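Return a 3D structure for these sequence lines:
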Amino acid sequence: MDIYNTTNHPNVSIKTTENPALCDNHCRKALATLYSLVLLGGTIGTIMMSCVLFQRNTQSIITIIITNIIILHSILLVTLPFRLSYYFLMEWKFGGLTCRVISSMVYFHMYFTFLFYVAIIVIRLLIYFRRLPLQELQKYHAVVLSVTIWLVGTFIFSLVFLFQYGTHLDFSPHHCFHFYQELNFPSVVVINYSMIAILMATVLVLSVIQLVVITQLTKTLWPDMLTHQEFRVQIKSFFFLVVIVVCFIPHHTFRVFFIQNYFQNETSRLVMYNEICVALTTVCCLDMLCFIGDLVH
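Alright, predicted model coming up:
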């Protein structure tokens with residue numbers, strides 16, 4: 001059953017032609033603006049950071065992980081023009097499979113970026129607690145870690161994409177990025193809640209540990225803590241947690257509310273808030289601009 005009403009008859013009332021499952025004009029303008037800013041800033045940041053890493057030619061484990069994040073940002077940025085064309089033209093012209101792929105790339109980017117952020121934070125915490133001697137870290141350790149994340153993550157993501165994401169319903173060929181009706185299926189809801197719980201728990205635990213470490217270093221090194229590399233390294237790790245909280249947590253928090261309320265209160269405003277929260281996850285692409293600013297400083 002097609003969930004979209006594509007009737008264009010002039011005598012049909014607005015109430016029947018506007019489906020709350022669709023993003024309205026205000027929603028499209030907000031998303032077009034946000035994605036345009038991400039595309040511009042993210043492209044500038046990834047290019048500049050790539051040039052810096054190429055010129056430095058460093059092989060540290062953190063640098064290799066940052067390179068993976070740059071690759072992820074680049075993959076997402078390539079897909080944004082497809083989204084922008086939809087919001088500007090108000091019609092999807094690239095087919096159903098392309099819609100599923102482009103739509104899923106936001107989640108692919110978000111969760112893989114999250115994994116690499118967490119990898120950087122955990123590695124630095126292990127070094128701080130002397131659980132991972134810095135002198136024993138080699139380039140191949142970072143390569144093995146990166147390959148493992150890509151292989152395991154891609155395998156899990158492929159299973160979800162092939163058998164769950166956008167496969168339950170027949171969507172209108174003229175619309176895209178509106179898979180809300182899939183929340184009717186228990187398996188989809190379970191996947192959503194599982195990802196929300198895992199991400200929230202991980203962020204909570206790491207945030208507590210990171211704050212304890214920073215507090216200890218502040219007490220030990222006060223008032224000259226900013227001159228110590230160990231303190232600056234932990235502050236940089238905390239920056240990744242801030243990015244996660246600002247960009248990823250709003251989506252997952254609102255997702256709980258959205259899952260519980262969408263079918264009881266199907267409104268375009270609820271859809272708009274959800275889509276904006278999804279779009280907010282892409283703002284993490286601007287992290288490279290912050291790194292460039294720090295390097296310049």
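
Could you list which residues are in contact with the residue positioned nearest the centre of the chain?
Nearest to the geometric centre of the chain sits Met110, at 2.4 Å (CA atoms, centre = their mean). Shown in contact with Met110 (CB atoms under 8 Å, 6 or more residues apart in numbering): Phe248, His251, Thr281, Thr282, Cys284. No exception for glycine: its C-beta is placed from N, CA and C like everyone else's.

Likewise for Ala279?
Taking CB under 8 Å, 6+ apart, we find Ala279 in contact with Ala30, Leu31, Leu34, Tyr35, Val38.

For Arg269, see how far away it is.
15 Å (CB to CB, to the nearest Å).

before we move on, what about Val122?
39 Å.

who has more neighbours, those two?
Val122 (16 against 12; other CB atoms under 10 Å).

ok, for that one, nearest residue in space, not its chain neighbours?
Of all residues not flanking Val122 in the chain, Leu206 sits nearest, at 7.6 Å (CB to CB, 6 or more residues apart in numbering).

The one you found against Tyr117, yeah?
No - in this structure Leu206 lies outside contact range of Tyr117 using CB atoms under 8 Å: 9.3 Å.

These two: who's more crowded?
Tyr117 (24 against 20).

List the contacts of the more buried one.
By CB under 8 Å, 6+ apart, the neighbours of Tyr117 are Ile69, Phe240, Leu241, Val243, Ile244.

tell me the pLDDT at it?
Per-residue confidence (pLDDT) for Tyr117: 95.

So which residues of the chain form strands?
With DSSP state E as the criterion, the chain has no strands.

In it, where is pLDDT below threshold?
1-22, 57-58, 131-138, 162-173, 265-268, 293-297 (pLDDT under 70).

And Cys99, how close does it get to Leu151?
26 Å.

who has more neighbours, the two?
Neighbour count, other CB under 10 Å: between Cys99 and Leu151, Cys99 has more, with 22 against 10.

Skipping its backbone neighbours, what lies nearest the more buried one in space?
Cys99's closest residue in space is Cys176 (CB to CB, 6+ apart), at 3.9 Å.

Tell me the one of the contacts of Tyr117 nearest Met195?
Ile244 (13.6 Å; CB to CB).

is it true that that closest one touches Gln210?
No - between Ile244 and Gln210 there is no contact under CB under 8 Å: 11.2 Å.

When the two are compared, which one has more neighbours?
Each of Ile244 and Gln210 has its neighbours counted (other CB under 10 Å); Ile244 has more, 23 against 20.

got the contact list for the more buried one?
Ile244 neighbours (CB under 8 Å, 6+ apart): Phe114, Tyr117, Val203, Cys284.

tell me the contacts of the last one?
Okay, so that is Cys284. Met110, Thr113, Val243, Ile244, Cys247, Phe248.
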